[in-house]
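**Q** Need coordinates for the following:
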Amino acid sequence: MKSCMVQGAKIVSTGSAIPSVKVSNEQMSSIVDTSDEWIFTRTGIKERRLLTAYGQSVTDLATKAALKAIKNISIDPSSIDLIILATSSPNDLFGSASKIQYQVGAVNAVAFDLTAACSGFVIGIVTAFQFISNGTYDNILVIGADVLSKWVDWSDRGTCILFGDAAGAVIIQSCNPNFNSILSFHLNTDGNYADYLSIAYKEQLNPHPILNLYQGSFKHISMNGKEVYKFAVSQVPLSIISCLNKIDMSIEDVDWLLLHQANERILMAVAEKLSISTHKIISNLSKYGNTSAASIPLALDEVVQLNKISRNDIIVIAGFGAGLTWGTIVLRW
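**A** Numbers count the residues shown, from 1 in each chain. Below is the predicted model:
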């Protein structure tokens, strides 16, 4: 461990991975009572990607995204100090980050999972920032990845139309504090509303005959869509404003708004509350649906690869979802 010192942190590379299987709204209408028009007008989603190959899991997508981020700056994987995997769909309840550490060759990295659902990537970035700013680590790989198709009730029209599978990754490096790209952050949790969006554990009705121990299993995704919408539209703008106020910035200073890709109506409502131009909204929701912790890094990687973001652009990133949790980061690219 290095001596404690204040360092800056910056994102130096991005990467992403998506399954090859596309499922359109028309295909969804053969599964549940719905239509392309019904889905698109309510969510903005046209299709989603599903990880259908037998034996594949979130680890496979996360590894691919990580390797792309590593390749993009030709960093030696052995120089990575820490891997944070933000996911709510690990293929091992003890954690999946260690498997990724091995598969990418980051032999010197500590690796752990972080579970905060759709806010997970934002919280992962903030966590990485703390390790870098206090001088503990220099190179951190943060991955947001989810395969929620494995936890969806495919007979529930209210949820199955929303979710897709994907992974996105960034590499964050230490830098001179004067060139720090993470300018501000703001995080919140309100557990009073945790039941609004959950994958709950359900105990069996009958205990073990000798131990009197109740075991069980996890259920499918459950969501109160109306309440989640109200929460996001009310709290996310406040979080963004608070984050900008800390660094004496205003909405006019923002070049890009990157929100968790949950629902087009939420994106537009937040933008309207902030009085920010819709041209500044980064969105790929129509192609992928809600990919949970992967949605922000997936969208970020796409715009980076398309060279849409310029040096010194101000990007506001906000995640929100189960917990209920929400958080904002202000970046200077």
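
**Q** Look through the protein and tell me its longest helix.
**A** Scanning the chain for the helix with the most residues, using DSSP state H, yields helix 225-246.

**Q** who touches the next helix or strand after it?
**A** Going down the chain from helix 225-246, the next helix or strand is strand 256-259, by DSSP states H and E. Strand 256-259 is touched from outside by 236, 266-267, 270-271, 274, 276, 280-282, 296, 299-300, 303, 309, 313-320, with contacts defined as Cβ atoms under 8 Å, 6 or more residues apart in numbering. Placement of C-beta: from N, CA and C, glycine included.

**Q** Now list the buried members of those.
**A** Buried members of these, counted by 16 or more other Cβ atoms under 10 Å: 236, 266-267, 270-271, 274, 276, 280-282, 296, 299-300, 303, 309, 314-320.

**Q** Buried residues in the host helix or strand of residue 186, which are they?
**A** Residue 186 belongs to strand 182-189 when elements are defined using DSSP H and E. By neighbour count with 16+ other Cβ under 10 Å, strand 182-189 contains the buried residues 182, 183, 184, 185, 186, 187, 188.

**Q** How about the contacts made by the third one?
**A** Residue 184 is in contact with 243, 244, 246, 247, 249, 328, 329, 330, counting by Cβ under 8 Å, 6+ apart.

**Q** List the residues that contact the last one.
**A** Put plainly, it is residue 330. For residue 330, the contacting residues are 182, 183, 184, 185, 243, 244, 247, 249, 314, 315, 316, 317, by Cβ under 8 Å, 6+ apart.

**Q** cool, and the fourth one?
**A** Taking Cβ under 8 Å, 6+ apart, we find residue 247 in contact with 183, 184, 330.

**Q** Distance to residue 12 and pLDDT added to the residues you listed, as CSV?
**A** Formatted as CSV, the contacts of residue 247 follow (distance: Cβ to Cβ, whole Å; pLDDT from 0 to 100):
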residue, distance to residue 12, pLDDT
183, 16, 95
184, 20, 95
330, 18, 98
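
**Q** CSV please, covering the residues you listed and showing distance to residue 208.
**A** Output for the contacts of residue 247, formatted as CSV (distance: Cβ to Cβ, whole Å):
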residue, distance to residue 208
183, 54
184, 51
330, 52
